[in-house]
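**Student:** Kindly return the folded structure for what I paste below:
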Amino acid sequence: MSRIDTTFAALKERQETALIPFVTAGDPDLKVTADIILTLVEAGADLIELGVPFSDPMADGPTIQAASERALAAGTTLSGVLQLVAEVRQKTEIPLVLMGYYNPVFCYGAERFARDAAAAGVDGLLLVDLPHEEATEISALMHESGIALITLLAPTTPRERMERLAAAAEGYLYYVSMTGVTGAKKISPQDIQPAVEDLKKMTAVPVGVGFGITTVADAQAVGAFADGVVVGSALVKIIEKNGKSEELLPEVAKFVTDLKRGLTALTS
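**Tutor:** Numbering: from 1, shown residues only. Reported below is the predicted structural model:
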C-alpha cells in the first residue's frame, strides 16, 4: 500500500476525517517551506498538498495567485520543489501530493518528472488543467512510478463522466466544492453533502473536499460527510501575513492544530 492508502486506512479505522493543508512551495522561499511542512506534520496534518508555482494559475484566486508570484520571484522551480520533497522526506513519512498545472511538468519532461518525483518521495500528483481524456501518457508514467494521479471533480461534472472518473480514481478524489476559483467564496456544506455522499458510492477511494474551507466550523461541517478536507487559501493568507517573521511557524501551527482538533472532535 502507498503512503496515501495507508494513511486513509488508518484514519478510517479511527473514524477520523483527513486534514489536508495546502501550501505553495517556495512561498516565501523553499527553506521556509520545508519548516512549514514539518510544522504542519507536528500540528496534526494527515496529508499535505504542495502547490507547484506557475505563472498562470487559472484555478486559483488572488491569494494563491499571489503566493505563486512570490514563490516564482524567490526563484522556485519544479526541480527545486522536488529537491524540497527529497529533503523533508528524510524527516517525515507524511503523504506529499504535488498540485499544479501541466506546463511545468511538460517542460521538465514527463518521463524525467515521473522518475525524479518517485525518487524524491512524491506520493501523488494533481494537475488542475489536464483533463482525464488527455492524461494517458502521464497517467501511465505515474502508475509505473507508484505515484497516484489524483482526479478532480466539480459540481458541473456530468454524472456519466463522474462515474467513469470515480471508477478509475487513484489515491483519493478531490471534489471541488463550488464553481469558480480558490478562496473566492465560502463553502455551503449542506449544498454539497448530497453530491459527495453520492460520489462516495461510485468509488473505492476516499473523497476529499476543497475550495472554500477556511474555518474550524467549515472543516467540521464538511468533515462530517467527507473523507478529507483540504484547506488552502486560509493557510496561505497566514503565510503571506507573517512572511519570514518569528510568528510564522507558531501561527501556522495554531491554525492547523485547531483544525485537527475540530475534526477529531467529530468522533469523540
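**Student:** Test my guess that residue 173 contacts residue 210.
**Tutor:** No - using Cβ atoms under 8 Å, residue 173 is not in contact with residue 210, being 10.7 Å away. For the C-beta atoms, the positions are set from N, CA and C on the backbone; glycine is no exception.
**Student:** Which other helices and strands does the longest strand seen in the chain contact?
**Tutor:** With DSSP state E applied, the strand covering the greatest number of residues in the chain is identified as strand 18-24. The helices and strands touching strand 18-24, judged by 3 or more Cβ pairs under 8 Å, 6 or more residues apart in numbering; DSSP states H and E, are helix 3-14, helix 30-43, strand 48-51, helix 62-73, strand 207-210, strand 228-231, helix 233-242, helix 248-264.
**Student:** Verify the assumption that residue 53 is located in a strand.
**Tutor:** No - using DSSP: H, G, I helix; E, B strand; the rest coil, the assignment for residue 53 is coil, not a strand.
**Student:** What are the neighbouring residues in contact with residue 117?
**Tutor:** Residues counted as contacts of residue 117 (Cβ atoms under 8 Å, 6 or more residues apart in numbering) are 82, 85, 98, 125, 145, 147.
**Student:** so which of those would you say is closest to residue 8?
**Tutor:** Residue 8 has its nearest neighbour among these in residue 147, at 15.9 Å by Cβ to Cβ.
**Student:** Tell me the pLDDT of that closest one.
**Tutor:** What the model reports as pLDDT for residue 147 is 98.
**Student:** Residue 221 too?
**Tutor:** Residue 221 carries a pLDDT score of 94 in this model.
**Student:** And the one 4 residues further on, by the same measure?
**Tutor:** Looking at residue 225, its pLDDT reads 95.
**Student:** Likewise for residue 183?
**Tutor:** 45.
**Student:** same check, this time on residue 237
**Tutor:** On the pLDDT scale, residue 237 gets 96.
**Student:** what about it, how many neighbours?
**Tutor:** 17 (other Cβ atoms under 10 Å).
**Student:** OK, contacts around the spatially most central residue of the chain?
**Tutor:** The centroid of the chain falls nearest to residue 49 when counting by Cα atoms, centre = their mean (3.1 Å). Counting by Cβ under 8 Å, 6+ apart, residue 49 touches 20, 21, 22, 23, 97, 98, 99, 126, 230, 232.
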